[in-house]
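Trainee: Dropping the sequence and predicted coords here.
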Amino acid sequence: MVTHIMGTLIKMNRIQQNMSQKALCEGICVPSYLSKIESGEIIATSELINLLFDVLGIRYNDSVEFIEAGGKLFRKYLERLTFNDFKESNKLFLEIERNKEQYIHSPLIIDYYLIKLARYCSTEERVFFEEPDKLLMQVYSQMNANQKLLYNLYKAIDLLQLTEDYEGAMRYLKEGLKSGENGHIYYWMSTTYLYQGHILKAYEYGKKAMQVYLNDANVISMMCTYELIARIYMANEDYEVAKEYFRKSVQIGLKTHETYFQSYVYHKMAWCHLCTGEIEEAMECIKKDQFPKGLMMKLEPEEVQAIIAYEKGDEKMSYHLIEKVSKEAHLKDKPIFKFLKACVEESYDLQKVDVAPYLLEIIEENHKKVDILPYFKRLLVKYYKENRKYKEAVMLLEKK
């Protein structure tokens with residue numbers, strides 16, 4: 001038996017089965033002794049361990065062949081995930097899940113639950129994230145450095161994607177950095193600093209991420225990081241440099257045929273062109289945006305088209321969009337279309353229609369999208385100035 005993992009194995013299986021220490025050790029040992037076994041303070045006899053295993057139904061497997069094969073499969077999964085090969089990593093995860101019972105009855109138990117944590121982090125199936133999170137949190141002190149790095153990374157990503165707890169996410173990222181480093185830690189630190197409005201810090205860690213990805217030849221992550229740096233420049237309203245980084249990102253996407261990532265970049269490029277008044281270029285980008293609908297951190301193509309219609313003053317295009325989205329429940333109540341409809345009804349005369357409520361709603365709804373907020377704020381400032389609401393314009397410009 002691998003004695004140093006016994007306590008962790010017992011503790012995780014006990015919690016997974018919703019069993020108290022008192023219930024597990026009844027007739028075997030006192031709860032305080034079991035607590036010390038679980039924490040690794042003492043190493044129990046093999047006879048006592050076997051009695052606890054019997055209660056938990058653990059069929060312990062630490063054969064060299066099994067551990068080596070499982071470790072190899074786990075490393076392959078994490079490698080594919082790190083390189084953004086989600087199709088292959090999902091296949092590998094299904095293969096891993098087929099042997100779940102063996103893994104949770106072996107020294108690989110922590111690594112198995114880290115794989116599960118990574119797989120369900122910030123996904124639509126996040127309900128399956130909660131079990132590994134709960135179990136891993138209970139044995140964090142018994143993890144090795146690499147395990148702590150991965151745990152903190154995926155906890156941070158989950159927080160960042162599903163909540164606005166940027167400080168909490170940053171705490172996990174910094175804690176993970178104490179155990180080691182990789183490109184993803186730096187990438188998500190850059191992203192978090194961007195959301196917090198710390199542009200220089202965001203740029204610093206974006207560059208660090210890029211260097212790691214270059215060293216690892218992680219092409220897709222390089223593409224994503226060029227896009228991230230472009231958004232950092234957009235947040236700083238340096239749109240020409242942002243376009244250069246977007247172009248670098250797209251060039252990699254074209255070479256790798258990664259249409260999923262290309263679409264995301266084209267979507268962001270469209271906003272960059274809108275911010276500099278390049279309406280036709282924005283329209284070309286949005287035509288290339290085939291990104292799946294309904295995802296976070298992205299407006300729907302129709303929403304961008306609505307803004308393009310507004311910028312062009314194209315009533316025909318505006319009517320077409322309003323008619324189209326009125327038939328789609330997930331779009332018709334979007335504030336952008338309320339704004340567009342109000343503009344059309346008054347022939348784009350901002351002195352005749354009060355669009356402030358719609359623009360404020362758009363800004364609130366999209367406040368997490370720090371790269372496109374300046375555009376909406378400028379629209380609202382323009383409205384305030386045209387209606388001589390200078391105090392409101394100044395207050396908006398001063399607001400962080």
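Mentor: Structure's in. What do you need?
Trainee: Setting the sequence-adjacent residues aside, check what's closest to E101.
Mentor: R59 (7.8 Å; C-beta to C-beta, 6 or more residues apart in numbering). The way it works is simple: take the backbone N, C-alpha and C, and place the C-beta from them, glycine included.
Trainee: Looking at the residue nearest to E227 when sequence neighbours are not counted now. What's its pLDDT?
Mentor: Leaving aside its sequence neighbours, E227 sits nearest to S249 (C-beta to C-beta, 6+ apart; 4.4 Å). On the pLDDT scale, S249 is placed at 94.
Trainee: coming back round to it: does the residue nearest to E101 belong to a helix or a strand, and which?
Mentor: Assessed by DSSP states H and E, R59 sits outside every helix and strand.
Trainee: Report whether the expected contact of it with H105 is present.
Mentor: Yes: using C-beta atoms under 8 Å, R59 is in contact with H105, at 5.2 Å.
Trainee: the more surrounded of those two?
Mentor: H105 (19 against 10; other C-beta atoms under 10 Å).
Trainee: so the more buried one is in which element?
Mentor: With DSSP H and E as the test, H105 turns up in no helix or strand.
Trainee: Could you verify my assumption that L117 touches K134?
Mentor: No: counting by C-beta under 8 Å, L117 does not reach K134; the two are 10.3 Å apart.
Trainee: more neighbours, those two?
Mentor: L117 (23 against 13).
Trainee: What are the neighbouring residues in contact with the more buried one?
Mentor: Contacts for L117 (C-beta atoms under 8 Å, 6 or more residues apart in numbering) come out as F129, P132, D133, L136, L150, Y151, Y154, K155.
Trainee: so which strand or helix has the closest residue to M210 other than its chain neighbours?
Mentor: Leaving aside its chain neighbours, M210 sits nearest to T225 (4.8 Å; criterion: C-beta to C-beta, 6+ apart). For T225, the element it lies in under DSSP H and E is helix 219-235.
Trainee: tell me the average confidence for that helix?
Mentor: In this model, helix 219-235 has an average pLDDT of 93.
Trainee: same for it, what does it pack against?
Mentor: For helix 219-235, the elements it packs on are helix 183-196, helix 199-216, helix 239-256, helix 259-275, judged by 3 or more C-beta pairs under 8 Å, 6 or more residues apart in numbering; DSSP states H and E.
Trainee: so it versus helix 199-216, what angle?
Mentor: If you take axes from the mean of the first three to the mean of the last three C-alpha atoms, to 10 degrees, helix 219-235 sits at 160 degrees to helix 199-216.
Trainee: Output helix 219-235 in CSV, but only the C-alpha positions, please.
Mentor: This file holds the C-alpha atoms of helix 219-235, laid out as CSV (Å, rounded to 0.1, in the frame of the first residue of the first chain):
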residue,chain,number,x,y,z
VAL,A,219,-0.5,27.9,-31.2
ILE,A,220,-4.2,28.2,-30.3
SER,A,221,-3.3,29.8,-26.9
MET,A,222,-1.0,32.2,-28.8
MET,A,223,-4.0,33.1,-31.0
CYS,A,224,-6.2,33.7,-27.9
THR,A,225,-3.5,35.8,-26.3
TYR,A,226,-3.0,38.1,-29.3
GLU,A,227,-6.8,38.6,-29.1
LEU,A,228,-6.6,39.3,-25.4
ILE,A,229,-3.8,41.9,-25.9
ALA,A,230,-5.9,43.5,-28.6
ARG,A,231,-8.8,43.9,-26.1
ILE,A,232,-6.4,45.4,-23.6
TYR,A,233,-5.5,48.0,-26.2
MET,A,234,-9.2,48.6,-27.0
ALA,A,235,-9.9,49.1,-23.3
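Trainee: excluding its backbone neighbours, what's nearest the spatially most central residue of the chain?
Mentor: When C-alpha atoms, centre = their mean is applied to the chain, the residue found nearest the centroid is Q161 (4.2 Å). Of all residues not flanking Q161 in the chain, S122 sits nearest, at 3.7 Å (C-beta to C-beta, 6+ apart).
Trainee: What is the neighbour count of the one you found?
Mentor: 15.
Trainee: In this model L153 seems to touch it, though I could be wrong.
Mentor: No: using C-beta under 8 Å, S122 makes no contact with L153, being 11.7 Å away.
Trainee: wait, what's in contact with S39?
Mentor: G7, S141, Q142.
Trainee: how about it, phi and psi?
Mentor: phi -80, psi -10 (degrees, to the nearest 10).
Trainee: Can you get me a residue count around I199?
Mentor: Applying other C-beta under 10 Å, we find 16 residues neighbouring I199.
Trainee: To clarify, my last question referred to K207.
Mentor: 14.
Trainee: One more: L274?
Mentor: When neighbours are counted by other C-beta under 10 Å, L274 comes out with 23.
Trainee: For it, which non-adjacent residue is closest in space?
Mentor: Distance criterion C-beta to C-beta, 6+ apart; nearest residue to L274, sequence neighbours excluded, is A282 at 4.7 Å.
Trainee: contacting residues for the one you found?
Mentor: Taking C-beta under 8 Å, 6+ apart, we find A282 in contact with A270, W271, H273, L274, V304, I308.
Trainee: Which residues are in contact with A202?
Mentor: By C-beta under 8 Å, 6+ apart, the residues touching A202 are S190, T191, Y193, L194, I232, A235.
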